[in-house]
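Student: one predicted model, sequence on top.
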Amino acid sequence: MGRTKITILLILAFFSHSVLGQNTISGKIEDKLKQPLVSASVILKDSIGKIVTYTFSDDLGKYNLKTDKMGKYILSVTFMGFEQENTDLILKDKSESIKIDVVLLSKTVELEPIVIKTV
């Protein structure tokens, strides 16, 4: 019985350490009409552009990232047909909770005209 209690305590200690020692970055991704963007890519990159973690927005446009790392980062949000949005942030503390809502703007693409000639 004593061994079971010790095992349970060790598991709880490990779990609480891994949960409590993480920064959380969350928010909502919408277009300019306040419509949620489903499955937008949300990427946390370090200062040299290396991907630290990533996720996708849910059916309500909400996202949630967790990392145990601190330092300077770039939060990059992309969605097909929209301009990419990059936000600089600094994670100073473990257990920080940061909310960043993002509004993406439609991307305008100009195509070259196509000329069709008959022979």
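Tutor: Sure, I can see it.

Student: low-confidence ranges, the protein, go.
Tutor: By pLDDT under 70, the weakly predicted segments of the chain are 1-21.

Student: list phi and psi for residue 108.
Tutor: phi -100, psi 130 (degrees, to the nearest 10).

Student: quick check: it vs residue 41, distance?
Tutor: Per CB to CB, to the nearest Å, residue 108 is found 20 Å from residue 41. (C-beta placed from N, C-alpha, C; glycine too.)

Student: between these two, which is the more surrounded one?
Tutor: residue 41 (16 against 7; other CB atoms under 10 Å).

Student: so that one bridges to which residues?
Tutor: residue 56, residue 78 (DSSP bridges).

Student: and it, how far from residue 77?
Tutor: For residue 41, the distance to residue 77 - CB to CB - is 7 Å.

Student: same question, residue 45
Tutor: Distance from residue 45 to residue 77, by CB to CB: 11 Å.

Student: these two - which one has more neighbours?
Tutor: Neighbours were counted for residue 45 and for residue 77 using other CB under 10 Å; residue 77 has more, 23 against 16.
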